[in-house]
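Engineer: Here is my input; please provide its structure:
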Amino acid sequence: MRARLDARLGGAARAWLDQALDEAADHPGTHGPISVWELRIAEAGRRCGPEHADAVRVLLLHAARADTGALTRVYRQGTAAERRAVLQALPHLVPGPDALPLVEDALRTNDTRLVAAAVGPYAARHLDAHNWRHAVLKCLFTGVPVDEVSDLPRRAHGDRELARMLGAYAEERLAAGRPVPEDLRRVLALTESRGPAAAPPGTPRTAGASGSPDDHPGPGAPAQPGVRPPSGTSPTPGRRGRSGKES
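Structural biologist: Predicted coordinates:
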């Protein structure tokens, strides 16, 4: 990471980073109300440019050997960009699950860049199955690409509960007249422990052995297995649901 930064930063920015890293290594603890390296974290975007600020902040946290307490302080007091850097630094600085409250806090936000940082390697190692499944769903809800979820194939493999949750979410979207995200289909395929991936509700089937395509059923056809008709409607044409509208 440092070599890549040196190749991209200008001379003044490299000199500032050298000094900031030396200060963080020589004075990792707090001196007064705030440590000097925490001030440098706040300056990183202005000194090195916003496109390099995340990497600079991670290097500063590493040089300062920030423990869970220091990381929590920076996260709680920092901007969204500074919080993102803390989340990215967790797998390098915290060997156990002590920093999970920071991940859980980020997953409660609707800031997509924070959510993406929260589902990185630290979450893959330490989030329990329940919270990890909800983190995957959070990505689908907020539009964070599932490519951001570290170790997704391994953790999703054979996870029937995740498959059930994904199917339920797909049904909700279909009932509301909304499309099923392609990322949902990808994750659902990963939950298959063996054999071909099951398509989520609403996916057209390809031609079978007879050569006749099995398209969406027409009006009055029985519902697909595992897909409940939307609440307040009837699968039979001409019948009226609770809303009074013809289904």
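Engineer: CA only for contacts and neighbour counts going forward, please
Structural biologist: Noted.
Engineer: State the phi and psi torsions of Asp105.
Structural biologist: When read as degrees, to the nearest 10, the backbone of Asp105 gives phi -60, psi -40.
Engineer: Just the pLDDT for it.
Structural biologist: Model confidence at Asp105, given as pLDDT, is 98.
Engineer: which stretches of this structure have low pLDDT?
Structural biologist: For the chain, applying pLDDT under 70 flags the ranges 29-33, 193-247.
Engineer: Where do the helices of it begin and end?
Structural biologist: Using DSSP state H, the helices found in the chain span residues 2-8, 11-26, 36-48, 50-63, 68-77, 80-93, 100-107, 112-118, 121-126, 129-142, 152-156, 160-175, 182-190.
Engineer: Just list what the shortest one packs against, helices and strands only.
Structural biologist: For helix 152-156, the contact count by 3 or more CA pairs under 8 Å, 6 or more residues apart in numbering; DSSP states H and E identifies helix 182-190 as packing neighbours.
Engineer: buried residues in the helix it packs on?
Structural biologist: Asp183, Leu184, Arg185, Val187, Leu188, Ala189, Leu190 (16 or more other CA atoms under 10 Å).
Engineer: which residues touch the first one?
Structural biologist: Asp183 makes contact with Leu140, Pro145, Val146, according to CA atoms under 8 Å, 6 or more residues apart in numbering.
Engineer: how far away is it from Val115?
Structural biologist: Distance, Asp183 to Val115, using CA to CA, to the nearest Å: 16 Å.
Engineer: Also Val144?
Structural biologist: Relative to Val115, and taking CA to CA, Val144 is found at 7 Å.
Engineer: of these two, who's got more company?
Structural biologist: Using other CA atoms under 10 Å, the more surrounded residue of Val144 and Val115 is Val115, with 27 against 20.
Engineer: Kindly confirm whether my reading is correct that that one touches Val146.
Structural biologist: No. Assessed by CA atoms under 8 Å, Val115 is found out of contact with Val146, at 10.9 Å.
Engineer: which neighbours do those two share?
Structural biologist: If you check Val115 and Val146 against CA under 8 Å, 6+ apart, the residues they both contact are Cys139.
Engineer: what sits against the closest residue to Ala99 other than its chain neighbours?
Structural biologist: In this structure, Ala99 finds its nearest non-sequential neighbour in Thr68, 6.2 Å apart by CA to CA, 6 or more residues apart in numbering. Thr68 makes contact with Val94, Asp98, Ala99, according to CA under 8 Å, 6+ apart.
Engineer: Just the buried ones from these?
Structural biologist: Using 16+ other CA under 10 Å, the buried ones in the contacts of Thr68 are Val94, Ala99.
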